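Q: Below are the sequence and a predicted model for it; my questions follow.
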Amino acid sequence: STSSLVQGMTDVERLELRYEAEDMFYHAYNAYMSNAWPADELMPLSCRGRFRGREPNRGDIDDAMGNFSLTLIDSLDMLVVLGDLEEFEASVKKVINTVSFDSDIVVSVFETNIRIVGGLLSGHVLAELVQAKQKGMSWYRGELLNMAIDCGTRLLPAFNSTTGLPYPRVNLRTGLQGVNSIQLTCTACAG
């Protein structure tokens with residue numbers, strides 16, 4: 001089991017793995033912030049940002065993207081885990097000031113729920129924790145929570161199906177209107 005593997009490691013081995021994971025995170029995060037932000041993803045071969053609708057369509061894989069700085073939102077909690085509260089605060093400000101969900105774009109309910117709504121909720125909880133421990137962010141007033149509510153509310157039409165299982169995709173502005181996969185349901189979205 002994993003716990004017995006970890007128990008069999010020396011403190012030095014555990015620290016080496018911790019630093020290796022930290023280095024890998026910052027390699028990817030810094031490359032994204034330098035070359036791709038505010039796009040959803042970094043295209044590793046061209047070192048450019050991938051915006052939905054500006055690059056050739058890759059099919060269903062693009063449904064995870066909504067031109068809402070996906071990678072940045074998805075990274076917020078890791079910045080706190082690594083103790084980088086300064087970068088966390090700066091990133092929270094970037095999300096608050098630049099991300100909007102009022103877009104006429106069809107997104108994956110599952111991916112948007114776990115990565116965007118989940119990232120915003122964990123970012124909110126961690127921002128409040130940073131405040132409570134008086135480590136900064138005295139200006140924060142729940143903006144990430146409000147953004148999570150906004151995004152989650154835009155996903156709700158997908159849950160209005162005859163089967164009780166949600167539809168896999170939803171338009172962030174119009175709900176189910178104009179969504180081609182309305183006859184399908186998504187068991188992963190159901191939890």
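A: Looks like it arrived, so ask away.
Q: Just give the number of residues close to the residue nearest to residue 174 when sequence neighbours are not counted.
A: Closest residue in space to residue 174, ignoring its immediate chain neighbours: residue 104 at 6.8 Å, by Cβ to Cβ, 6 or more residues apart in numbering. Yep, even glycine has a C-beta here, placed from its N, CA and C like the rest. Residue 104 has 9 neighbours, counted by other Cβ atoms under 10 Å.
Q: just residue 86 next, same as before
A: Neighbours of residue 86 (other Cβ under 10 Å): 11.
Q: residues touching it, list them.
A: Applying Cβ atoms under 8 Å, 6 or more residues apart in numbering to residue 86 gives the contacts residue 136.
Q: Am I right that it sits in a helix?
A: Yes. Residue state for residue 86 (DSSP: H, G, I helix; E, B strand; the rest coil) corresponds to a helix.
Q: gap between it and residue 151?
A: Relative to residue 151, residue 86 is positioned 26 Å away (Cβ to Cβ, to the nearest Å).
Q: Likewise for residue 138?
A: Residue 138 is 25 Å from residue 151, by Cβ to Cβ.
Q: which of these two has more neighbours?
A: Legend: neighbour count by other Cβ under 10 Å for residue 138 and residue 151, higher for residue 151 (24 against 9).
Q: Please enumerate the helices of this structure.
A: All helices of the chain, identified by DSSP state H, fall at 2-7, 11-35, 70-81, 85-98, 109-111, 118-132, 143-155.
Q: could you dump those to TSV with mean pLDDT?
A: TSV is the format used below for the helices of the chain (pLDDT from 0 to 100):
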stretch	mean pLDDT
helix 2-7	69
helix 11-35	96
helix 70-81	97
helix 85-98	98
helix 109-111	93
helix 118-132	97
helix 143-155	98
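Q: how about those helices, which one is nearest residue 47?
A: Taking Cβ to Cβ, helix 11-35 is the member of the helices of the chain nearest to residue 47, at 4.6 Å.
Q: just the angle between the closest one and helix 85-98, please?
A: 30 degrees (axes from the mean of the first three to the mean of the last three Cα atoms, to 10 degrees).
Q: any idea of the angle helix 11-35 forms with helix 70-81?
A: 150 degrees.
Q: who does helix 11-35 touch, helix- and strand-wise?
A: If you count contacts as 3 or more Cβ pairs under 8 Å, 6 or more residues apart in numbering; DSSP states H and E, helix 11-35 packs onto strand 41-43, helix 70-81.
Q: Deepest-packed of the ones you listed, please.
A: Comparing the helices and strands packed on helix 11-35 by mean neighbour count (mean count of other Cβ atoms under 10 Å), helix 70-81 ranks first with a mean of 21.
Q: Which residues does that one contact?
A: Helix 70-81 is contacted from outside by 25, 29, 32-33, 36-42, 64, 85, 87-88, 91-92, 94-95, 99, 115-116, 119-120, 122-123, 126, 129-130, using Cβ under 8 Å, 6+ apart.
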